[in-house]
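Asker: Provide a 3D model corresponding to the input given below.
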Amino acid sequence: MAEKHSQSIALMLTDVVMPEVSGPELATTIRRLYPNISVIFMSGYNEDEVLRYGIVKNQEILFNKPLDFASLAIKVREVLDQKCQPTPVTVT
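Answerer: Numbering: from 1, shown residues only. Take a look at the predicted model:
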C-alpha cells in the first residue's frame with residue numbers, strides 16, 4: 001500500500017510483534033520509501049520481549065497494550081506537530 005501511495009506519509013502506528021513481519025522490520029522497509037516517517041510502536045508484550053525485537057524505549061515511541069487512546073492521541077498529535085516545525089537555520 002505504501003508503495004502505491006502517491007503522497008508522503010508522516011506517521012506509522014504498528015505493533016511490534018506480528019505474524020509475518022515484525023514492526024521494526026516493517027518500519028525499516030517503510031523508511032526506505034519515506035525516510036522522514038515517524039513510527040509509533042505498540043505491544044502487549046513485556047519490555048524484555050520488546051527489546052528482543054530491537055525497540056529501545058529511549059529512541060522509539062512505545063505504547064503498551066491495552067492502549068490508553070487519549071494518551072495515544074496526544075502522542076500522535078505531538079509527533080505530527082513536531083514534523084510541521086520549521087528546521088532552525090544557523091547563520092554563521
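Asker: how about the strands in this structure?
Answerer: 11-15, 38-43, 61-64 (DSSP state E).
Asker: out of the ones you listed, which one sits most buried?
Answerer: strand 38-43 (a mean of 19; mean count of other Cβ atoms under 10 Å). Where you see a C-beta, it was placed from the backbone N, CA and C, and this is true even at glycine.
Asker: quick one: distance of that one to the chain centre.
Answerer: 4 Å (Cα atoms, centre = their mean, to the nearest Å).
Asker: can I get it in PDB, CA atoms only?
Answerer: Extracted as PDB, the C-alpha positions of strand 38-43 are listed here (Å, rounded to 0.1, in the frame of the first residue of the first chain):
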ATOM      1  CA  SER A  38       7.800   8.800  12.300                       C
ATOM      2  CA  VAL A  39       6.900   5.500  13.800                       C
ATOM      3  CA  ILE A  40       4.900   4.700  17.000                       C
ATOM      4  CA  PHE A  41       5.200   1.100  18.100                       C
ATOM      5  CA  MET A  42       2.700  -0.700  20.300                       C
ATOM      6  CA  SER A  43       2.900  -4.000  22.100                       C
END
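Asker: between the strands of the chain, which one is nearest to residue 28?
Answerer: Relative to residue 28, the nearest member of these by Cβ to Cβ is strand 38-43, separated by 9.7 Å.
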